Each structure stands twice: as C-alpha cells, then as structure tokens.
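Chemist: Got a predicted structure here, sequence first:
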Amino acid sequence: MRTPKEVVGELVEAYNAKSLEALLELYSDDARFWDPLHREGATGRQAIGQVLQGLFEAFPDEQMSIVTLAGDDTYAVAEFRSTGTAASGRPFELEFTEVYEVSGGRIVDCRVYLDTEQLPT
C-alpha cells in the first residue's frame with residue numbers, strides 16, 4: 001500500500017501532466033478538499049475534479065515541485081513551489097503548503113494553505 005508521501009509524489013506527477021483522471025484516482029470517493037478560494041470546501045471526486053479542472057484552465061502550464069515533504073502512516077505535509085504563466089501572460093512563482101490525510105492509499109482530506117495576495121492574475 002502506498003504511503004502518504006508516495007501518494008503526494010504521484011499527485012505532483014499527475015498534476016504536472018494535467019491528468020485529471022490520474023489525479024482523481026488518488027482521492028477516495030468521499031474525499032474532502034479545502035483551500036482559501038473554496039472555503040465551503042469540495043466533497044467527493046466530482047466536486048474535487050471541478051476544482052482541479054478550474055486550476056488547469058486558469059494555469060495550463062503550471063508545474064508544481066516539492067520543496068519539503070514530511071509524513072507518517074496517515075499524514076503528509078508538503079511545501080510546494082509552482083511556476084507558470086498567469087492569465088495576464090506574466091510568469092509567476094508561488095509557494096504554498098498542503099496537508100493530506102491518507103487512508104487505504106488514497107487521499108481522504110486535502111487542505112491547501114497559501115497567501116491569496118500572491119496568487120497570479
């Protein structure tokens with residue numbers, strides 16, 4: 001069974017490949033997702049898929065890289081750096097942190113922490 005850290009590694013690969021199907025396979029059926037732009041949260045693969053598809057559309061060339069990754073048998077915490085091109089055409093670099101709860105090799109909860117003032121426009 002995949003460890004939480006392995007799941008995060010697979011998530012980054014799938015995100016950078018813009019493979020929504022591969023990403024959603026990493027989430028449990030009733031997974032929860034929260035970030036500052038979706039404060040009500042998203043629950044379930046379909047809702048999470050809509051959030052991820054929106055990110056793909058807003059930042060089609062975004063690439064994430066892991067800066068720091070820590071984990072145990074249930075949780076993984078990752079510091080990321082993302083680079084790409086904003087809708088304005090300007091390049092961007094953004095740093096943020098995500099906390100994952102993993103059960104049975106799948107993400108059951110993901111919380112994204114970032115400074116919304118630094119979001120590319």
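Modeler: Happy to help now that I have it.
Chemist: Surely Ser65 forms part of a helix?
Modeler: No. Applying DSSP: H, G, I helix; E, B strand; the rest coil, one finds Ser65 to be strand, outside a helix.
Chemist: wait, what's in contact with it?
Modeler: Contact analysis of Ser65 by CB atoms under 8 Å, 6 or more residues apart in numbering lists 12, 80-83. (Each C-beta comes from the backbone N, C-alpha and C, glycine too.)
Chemist: For it, give its distance to Thr83.
Modeler: 8 Å (CB to CB, to the nearest Å).
Chemist: Not counting residues beside it along the chain, what's closest to Ala47?
Modeler: Phe33 (7.5 Å; CB to CB, 6 or more residues apart in numbering).
Chemist: Tell me what that neighbour is bridged to.
Modeler: Assessed by DSSP bridges, Phe33 has beta-bridge partners Ala42, Cys110.
Chemist: what about it, neighbour count?
Modeler: Look at Phe33: counted by other CB atoms under 10 Å, it has 22 neighbours.
Chemist: cool, and Val102?
Modeler: Val102 has 28 nearby residues by other CB under 10 Å.
Chemist: List the buried residues in the helix or strand hosting it.
Modeler: Per DSSP states H and E, Val102 falls inside strand 91-103. Going by neighbour count (16 or more other CB atoms under 10 Å), the buried part of strand 91-103 is 92, 94, 96, 98, 100-102.
Chemist: Tell me the one of those nearest Gly44?
Modeler: Proximity of the buried residues of strand 91-103 to Gly44 (CB to CB) peaks at Glu101, which lies at 15.5 Å.
Chemist: Which strand residues bridge the closest one?
Modeler: Glu101 has these beta-bridge partners by DSSP bridges: Tyr75, Asp109.
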